[in-house]
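J.: Need coordinates for the following:
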Amino acid sequence: MNLKQLGWNDFFAAAAAEYNTDQPFTVGRVSLEHKRLYRILTEHGELLGEVSGKFRHTASEREDFPAVGDWVILTARPEEGKATIHAVLPRQSKFSRKAAGDTTEEQIIATNINTVFLVNALNKDFNVRRIERYLLMAWESGANPVIILSKSDLCDDLDQKIEEVENVALGVPIHAVSATDDVGIDQLEPYLTEGHTVALLGSSGAGKSTLTNRLFGSEKLLVKEIREGDDKGRHTTTHRELVMIPGGGLLIDTPGMRELQLWEADSSVSQSFSDIEEIAEQCRFRDCSHDGEPGCAVKEAIDAGDLIEKRFENYIKLQRELAYLERKADKRAQLAEREKWKKLAGDRTRFHRR
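T.: Numbering: from 1, shown residues only. Got it, this is the predicted structure:
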């Protein structure tokens, strides 16, 4: 394999130039992460890598470590099939969420993505509000979102479902496909050109692994049946993995996510909900909370049927979630700063005692 096939471009070449020293450094792209071990695609073939001691010592946050899709500076030992990672190159794009649980920590799903396929099944699990949330995070990632409505063979009201999605995904390409019946798959091929990376995101049972297998041309990933009764899928993909498509392009399949909490999406709220913010500008009061004030254009639009109330409720919910996350992040930053100065004070005390 060559670097161009893996997505190498001038952006990464310029970033890697500072590492051109006497050291025998090379580059590679992370295809799989497992407990701080990384499978890396390189010009030497596939290598198993781990970060150097210096890297581990200087990394302060979870997001400092390599993620699937990252380009890394490494020392290769092809005769052993191994490598040591010294640095992560700057990311052109990054899809993140808040890590599950109570901690305020970023979890990187995939990096250096050109296009995000937001996969939603056209069965009982169809959820427009979930699409809004995924869309918001896709815009924030820096990649271009494309909505894939999978399992179209199971849908009796396809046109209506597409219209519902069009109402929330303003200007975003929408493709209805059926991987089992080979319907609409050819529409996705233009996104998978050489060196172009596509990430598949969606809930369990949305059909991501089936779609990956269809695009790959073989049973690359394990597929399980969805549960009977509620159409909700089991978590077939248990890890994120970057795979090369034989005809060109790269795919990153991701596990279905039970919760998709926002990490950063301030600027993308305006992009995803531009229709609501344009209506809000017409309110009588600039600080209108849209909760009963006279002359509220948002309330009038909902009453007139020009704005879907559930969409507005989701917009408010997402704003509150971002505000809460910002408060938690500020508190975490303050605690980190306090610990930093305590450590420095302790170091000075030990120095003077010597």
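
J.: Quick one: neighbours of Thr115, just the number.
T.: Here the count is done by other Cβ atoms under 10 Å, and Thr115 has 21 residues near it. (Glycine included, C-beta is placed from N, CA and C.)

J.: my guess is Ala297 contacts Glu278, does it?
T.: No - using Cβ atoms under 8 Å, Ala297 makes no contact with Glu278, being 9.4 Å away.

J.: With just CA atoms, put stretch 161-178 into CSV.
T.: The C-alpha atoms that make up stretch 161-178 are tabulated as CSV, following Å, rounded to 0.1, in the frame of the first residue of the first chain:
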residue,chain,number,x,y,z
LYS,A,161,-39.7,9.3,5.8
ILE,A,162,-37.4,11.1,3.3
GLU,A,163,-39.5,14.3,3.6
GLU,A,164,-39.3,14.1,7.4
VAL,A,165,-35.5,13.9,7.2
GLU,A,166,-35.3,16.7,4.5
ASN,A,167,-37.1,19.0,7.0
VAL,A,168,-34.3,18.7,9.5
ALA,A,169,-31.3,18.1,7.2
LEU,A,170,-31.2,21.3,5.3
GLY,A,171,-29.1,20.8,2.1
VAL,A,172,-27.6,17.5,3.3
PRO,A,173,-27.5,14.6,0.7
ILE,A,174,-29.9,11.8,1.6
HIS,A,175,-29.7,8.3,0.1
ALA,A,176,-32.2,5.5,0.7
VAL,A,177,-30.5,2.2,0.3
SER,A,178,-31.0,-1.6,0.9
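
J.: And it, what's buried?
T.: By neighbour count on 16 or more other Cβ atoms under 10 Å, the buried set for stretch 161-178 is Lys161, Ile162, Val165, Val168, Ala169, Val172, Ile174, His175, Ala176, Val177, Ser178.

J.: Give me the more crowded residue out of Ala297 and Glu278.
T.: Under the neighbour definition other Cβ under 10 Å, Ala297 and Glu278 were set side by side, and Ala297 has more, 18 against 11.

J.: next one: phi and psi at that one?
T.: Dihedral pair for Ala297: phi -70, psi -30, per degrees, to the nearest 10.

J.: Excluding sequence neighbours, find me the nearest residue to it.
T.: In space, and not counting its chain neighbours, Ala297 is closest to Gln282: 3.8 Å by Cβ to Cβ, 6 or more residues apart in numbering.

J.: where does the one you found land in three-state SS?
T.: coil (DSSP: H, G, I helix; E, B strand; the rest coil).

J.: pLDDT at Thr238, what is it?
T.: Reported pLDDT at Thr238 in the predicted model: 48.

J.: for this protein, which residue is closest to the average position?
T.: With distances taken as Cα atoms, centre = their mean, the residue of the chain nearest its centroid is Phe95 (2.7 Å).

J.: Need the three-state assignment for that residue.
T.: Quick answer, by three-state DSSP: Phe95 is strand.

J.: Beta-bridge partners for it, please?
T.: Assessed by DSSP bridges, Phe95 has beta-bridge partners Ala110.

J.: what comes into contact with stretch 181-198?
T.: With contact meaning Cβ atoms under 8 Å, 6 or more residues apart in numbering, stretch 181-198 is reached by 4-9, 69, 112-117, 146, 148, 152-153, 175-179, 214-215, 242, 245, 247-252.

J.: How about stretch 40-58?
T.: With contact meaning Cβ under 8 Å, 6+ apart, stretch 40-58 is reached by 1-3, 6, 26-31, 36-39, 59, 64-66, 72, 74, 76-78, 81-87, 242, 244.

J.: So which bits of it are buried?
T.: For stretch 40-58, burial by neighbour count (16+ other Cβ under 10 Å) applies to Ile40, Leu41, Thr42, His44, Leu47, Gly49, Glu50, Val51, Phe55.

J.: what secondary structure does the fifth one sit in?
T.: For Leu47, the secondary-structure state derived from three-state DSSP is strand.

J.: That one - nearest residue in space that isn't next to it in sequence?
T.: Ala83 (4.3 Å).

J.: tell me which strands and helices the host helix or strand of the one you found is in contact with?
T.: Ala83 is part of strand 82-88 when elements are defined by DSSP states H and E. Counting contacts by 3 or more Cβ pairs under 8 Å, 6 or more residues apart in numbering; DSSP states H and E, strand 82-88 is packed against strand 37-42, strand 45-51, helix 53-58, strand 71-77.

J.: How far does it sit from its chain's centre?
T.: 23 Å (Cα atoms, centre = their mean, to the nearest Å).

J.: Could you export the buried residues of stretch 161-178 as CSV, including distance to Cys288, secondary structure and pLDDT?
T.: Formatted as CSV, the buried residues of stretch 161-178 follow (distance: Cβ to Cβ, whole Å; DSSP: H, G, I helix; E, B strand; the rest coil; pLDDT from 0 to 100):
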residue, distance to Cys288, secondary structure, pLDDT
Lys161, 33, helix, 93
Ile162, 33, helix, 94
Val165, 29, helix, 92
Val168, 22, coil, 83
Ala169, 26, coil, 86
Val172, 28, coil, 90
Ile174, 32, strand, 95
His175, 38, strand, 96
Ala176, 38, strand, 95
Val177, 42, coil, 94
Ser178, 45, strand, 92
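
J.: What is the most widely separated pair among those?
T.: Greatest spacing in these, by Cβ to Cβ: Val168 and Ser178 (22.5 Å).

J.: what's near enough to touch the spatially closest residue to Arg214 that is not a sequence neighbour?
T.: In this structure, Arg214 finds its nearest non-sequential neighbour in Ala179, 4.2 Å apart by Cβ to Cβ, 6+ apart. Residues near Ala179 by Cβ under 8 Å, 6+ apart: Ser150, Ile185, Gly207, Thr210, Leu211, Asn213, Arg214.
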